[in-house]
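Participant: no FASTA, just this:
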């Protein structure tokens with residue numbers, strides 16, 4: 001029987017020394033071979049008290065741990081990276097061992113002292129959380145009743161697991177809960193064994209196999225304790241094998257005990273419980289787990305009976321309007337309407353949060369000769385690995401490197417499979433035979449287009465995300481533009497990320513504009529680079545709508561002037577004062593929850609009217625179309641009313657996209673600096689704006705800015721192309 005997972009609940013070493021993990025590595029390698037499992041995919045480890053090197057328990061951490069008296073103080077330590085790093089020193093050999101045994105992508109560290117991963121077995125989504133109950137341990141019997149797990153750690157792990165709620169939640173930790181301090185034990189027990197907690201809680205430490213069930217009206221948790229596996233025979237040696245039958249909603253625990261007689265052998269353990277025969281215990285999965293009736297992958301459930309009950313919408317979408325003044329004079333004032341569209345977090349709204357759209361991430365990677373520099377190629381590789389590391393396991397990835405030749409190196413592969421193969425961009429790209437040649441990107445974009453078209457032809461019901469990482473030194477720039485236009489016609493944006501001091505932001509911006517994409521200049525390194533691309537990966541996990549469109553139907557006698565997209569990017573959508581068609585549509589495309597999508601409309605009524613027009617937002621979610629409408633009805637008065645400072649600043653910020661005079665540019669920079677500060681934008685971005693403002697105020701030219709600042713500022717705005725004009729509805 002080949003297990004799907006191997007769980008090791010701690011005490012891999014004896015005293016947390018590096019040499020002891022060398023022996024463990026040999027033993028585990030033999031066990032992995034015998035079970036035909038891959039540790040880099042199927043094994044899950046947590047540290048125990050014997051994985052603590054007592055020589056590295058510093059007096060400061062001992063004093064700090066003893067002084068922690070409540071949940072808030074413990075959370076203060078676990079939530080502070082420098083504090084937890086001090087405690088993590090005692091487990092450094094364990095962390096290093098996980099790097100080699102599990103792989104760098106799954107390794108434990110002071111930055112990740114607990115772990116949450118996801119797997120899918122026979123169509124069953126499983127979240128596996130490894131908790132660190134030994135972070136404050138000193139390694140001896142004196143730990144009993146003094147350990148800390150921490151509500152912060154448990155909430156963080158369960159929160160990560162529930163971002164896409166699994167069907168089954170397995171939690172590993174080393175110590176029994178009654179080894180924790182009383183205040184910590186109470187809070188942690190209610191979280192792990194209450195609603196939304198663990199289905200299976202696996203632990204070790206006491207060297208005795210145990211099966212226990214914790215039942216309440218709201219939740220059920222099955223606790224399994226592992227026996228010992230060490231050379232001394234002080235305690236019986238035992239292991240447990242668990243079989244989960246999701247079609248019948250039953251589980252069977254097989255208990256085995258080792259005998260050292262003769263050559264040594266394993267037999268079913270009939271001595272642990274009186275009512276266990278043949279070492280097996282079968283039980284029905286608790287009703288609260290809601291697993292009953294699930295079918296393994298490949299088996300279709302019978303069609304559901306028709307119901308007349310109205311289904312509650314899975315998403316809450318808000319459509320709001322703000323005006324730049326409280327009142328307007330007809331014929332005189334330009335009315336600016338700021339439209340905000342925002343999808344609320346489904347979990348916070350108390351609604352079904354299985355609404356995320358799958359994303360197909362297509363990464364086009366510049367591997368040409370000009371990228372073979374210290375500030376380019378190593379950063380590109382690090383960026384790709386950081387991005388892939390934080391994608392949802394259900395997403396798809398295609399990697400297309402280009403140089404003299406182009407190739408689909410990874411074709412529409414699930415992220416979970418990439419992780420199963422321990423994929424590394426650094427390793428894969430370093431052996432690509434065509435790297436560091438000429439810079440021909442057009443063939444790579446054509447391959448990306450075929451990937452997009454192929455996904456649609458097989459019914460992929462998700463979002464396509466196309467990222468191109470390059471220094472912009474293209475030898476076939478003109479050939480790229482028509483391909484980028486075709487990509488845009490597929491409702492996909494080409495987003496470029498520029499590397500190196502010679503990055504050509506202006507040409508990149510023109511190329512991105514063909515598909516209404518964006519350009520970003522990458523000048524971060526190290527952890528900042530990983531955080532930047534990691535943030536991008538995390539935002540993709542919040543995509544819940546696709547094919548989104550906003551449509552303005554203008555009332556007769558009203559003129560629409562400029563229309564801008566303000567957030568997430570600043571973009572001039574178009575100027576429509578000479579357009580006779582009263583309907584203007586703009587493709588927003590994919591929409592994330594939690595992010596505001598803001599648009600500014602400049603409207604002039606030639607006489608006071610009850611409404612200047614109506615605006616409609618349409619999109620598709622995972623279950624049904626969404627349509628919201630709002631009337632644009634400002635107040636009219638004899639005199640202009642009080643200004644709305646936020647709308648005015650947003651209008652000033654985007655005004656520089658259409659007017660280049662000095663006063664407009666200065667006003668735009670002032671507004672943008674205040675808005676970006678309010679939004680918590682990166683400091684280096686705001687500092688670049690401030691330097692540009694200083695130059696303009698003294699009458700200087702943007703050419704006086706450093707090339708770095710120029711690239712950073714240029715690669716921040718765009719010009720929309722996906723505007724559709726139409727006649728009035730009949």
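Facilitator: Nice, I can see it. Note that the structure is a prediction, hence the values are computed from the model and not measured.

Participant: contacts and neighbour counts: CA atoms only from here.
Facilitator: Fine.

Participant: Show me the helices in the stretch 51-200 of the chain, by range?
Facilitator: Using DSSP state H, counting those that start in this stretch, the helices of the stretch 51-200 of the chain run over residues 59-67, 71-78, 81-88, 92-101, 151-161, 182-193.

Participant: repeat for the stretch 451-600 of the chain
Facilitator: Under DSSP H, counting those that start in this stretch, the stretch 451-600 of the chain gives helices at 477-489, 505-513, 526-540.

Participant: buried set for stretch 203-216?
Facilitator: Within stretch 203-216, the residues that count as buried by 16 or more other Cα atoms under 10 Å are 203, 204, 205, 207, 208, 209, 210, 211.

Participant: who's in contact with the closest residue to the fifth one other than its chain neighbours?
Facilitator: With sequence-adjacent residues excluded and distances taken as Cα to Cα, 6 or more residues apart in numbering, residue 208 is closest to residue 227, at 4.4 Å. Contacts for residue 227 (Cα atoms under 8 Å, 6 or more residues apart in numbering) come out as 204, 206, 207, 208, 209, 236, 237, 238, 239.

Participant: just to revisit the earlier point, okay, among the buried residues of stretch 203-216, which ones form the most distant pair?
Facilitator: Across the buried residues of stretch 203-216, no pair lies farther apart than 205 and 211, at 14.4 Å, counting by Cα to Cα.

Participant: Can you give me the neighbour number for residue 586?
Facilitator: Residue 586 has 21 neighbours, counted by other Cα atoms under 10 Å.

Participant: Could you double-check that it sits in contact with residue 551?
Facilitator: Yes: if you go by Cα atoms under 8 Å, residue 586 and residue 551 touch, sitting 6.4 Å apart.

Participant: helices and strands of the protein: which one bottoms out on pLDDT?
Facilitator: One helix or strand of the chain scores below all others by mean pLDDT, DSSP states H and E: strand 717-719, with a mean of 38.

Participant: What's the per-residue pLDDT of the closest residue to residue 148 other than its chain neighbours here?
Facilitator: Closest residue to residue 148 apart from its sequence neighbours, by Cα to Cα, 6+ apart: residue 180 at 5.5 Å. On the pLDDT scale, residue 180 is placed at 92.

Participant: ok, now the one 10 residues further on?
Facilitator: Listed pLDDT for residue 190 reads 89.

Participant: about what we covered before: let me know which of the helices of the stretch 451-600 of the chain is tucked in deepest.
Facilitator: Comparing those by mean neighbour count (mean count of other Cα atoms under 10 Å), helix 505-513 comes out on top with a mean of 22.

Participant: what's the angle between it and helix 477-489?
Facilitator: Here helix 505-513 points in a direction 40 degrees away from that of helix 477-489 (axes from the mean of the first three to the mean of the last three Cα atoms, to 10 degrees).

Participant: what pLDDT, on average, does helix 505-513 get?
Facilitator: 85.

Participant: Equivalent analysis for stretch 61-72, please.
Facilitator: Here stretch 61-72 scores 87 as its mean pLDDT.

Participant: how long is it from one end to the other?
Facilitator: 17 Å (Cα to Cα, to the nearest Å).

Participant: residues making contact with that stretch?
Facilitator: So stretch 61-72 is contacted by 74, 86, 87, 136, 150, 151, 183, 184 (Cα under 8 Å, 6+ apart).

Participant: same check, this time on stretch 325-338
Facilitator: 321-324, 598-608, 632, 634-644, 647, 651.

Participant: Filter those residues down to the buried ones.
Facilitator: For these, a burial check counting by 16+ other Cα under 10 Å picks out 321-324, 598-605, 608, 632, 634-636, 640, 647, 651.

Participant: Among the residues you listed, name the ones in strands.
Facilitator: 321, 322, 323, 598, 599, 600, 601, 602, 603, 604, 605, 632 (DSSP state E).

Participant: What is the nearest of those to residue 346?
Facilitator: For these, the minimum distance to residue 346 (Cα to Cα) is 20.2 Å, reached by residue 598.

Participant: How about that closest one: what's its closest non-neighbour residue?
Facilitator: residue 340 (4.5 Å).

Participant: cool, residue 514 as well?
Facilitator: residue 485 is the one closest to residue 514 (Cα to Cα, 6+ apart), at 4.8 Å.

Participant: hang on, that neighbour packs against residue 515?
Facilitator: Yes: the pair residue 485 / residue 515 is scored as a contact, 5.4 Å apart, by Cα under 8 Å.

Participant: Find the nearest non-adjacent residue to residue 593, please.
Facilitator: Per Cα to Cα, 6+ apart, closest to residue 593 is residue 343, 4.5 Å.

Participant: An error on my part: the question was meant for residue 657.
Facilitator: That would be residue 572: by Cα to Cα, 6+ apart, it lies 6.3 Å from residue 657.

Participant: Is residue 439 in contact with residue 472, as I believe?
Facilitator: No: using Cα under 8 Å, residue 439 is not in contact with residue 472; the gap is 9.1 Å.

Participant: Quickly list what's touching both of these two.
Facilitator: Common neighbours of residue 439 and residue 472 (Cα under 8 Å, 6+ apart) do not exist.

Participant: For stretch 654-672, the averaged confidence score.
Facilitator: Regarding stretch 654-672, the rounded mean pLDDT is 89.

Participant: Quick check: end-to-end length of that stretch?
Facilitator: 9 Å.

Participant: contacts for that stretch?
Facilitator: So stretch 654-672 is contacted by 564, 566, 570-572, 649-650, 652-653, 689-690, 693, 696-697 (Cα under 8 Å, 6+ apart).

Participant: now do stretch 19-38
Facilitator: By Cα under 8 Å, 6+ apart, the residues outside stretch 19-38 that reach it are 1-5, 12-14, 39, 43, 93-94, 97, 101.

Participant: Tell me which two of those sit farthest apart.
Facilitator: 1 and 93 (32.4 Å).

Participant: quick one, which of the two is more surrounded?
Facilitator: Using other Cα under 10 Å as the criterion, residue 1 and residue 93 rank with residue 93 on top: 22 against 5.

Participant: pLDDT score assigned to residue 309?
Facilitator: Reading off the confidence values, residue 309 has pLDDT 32.
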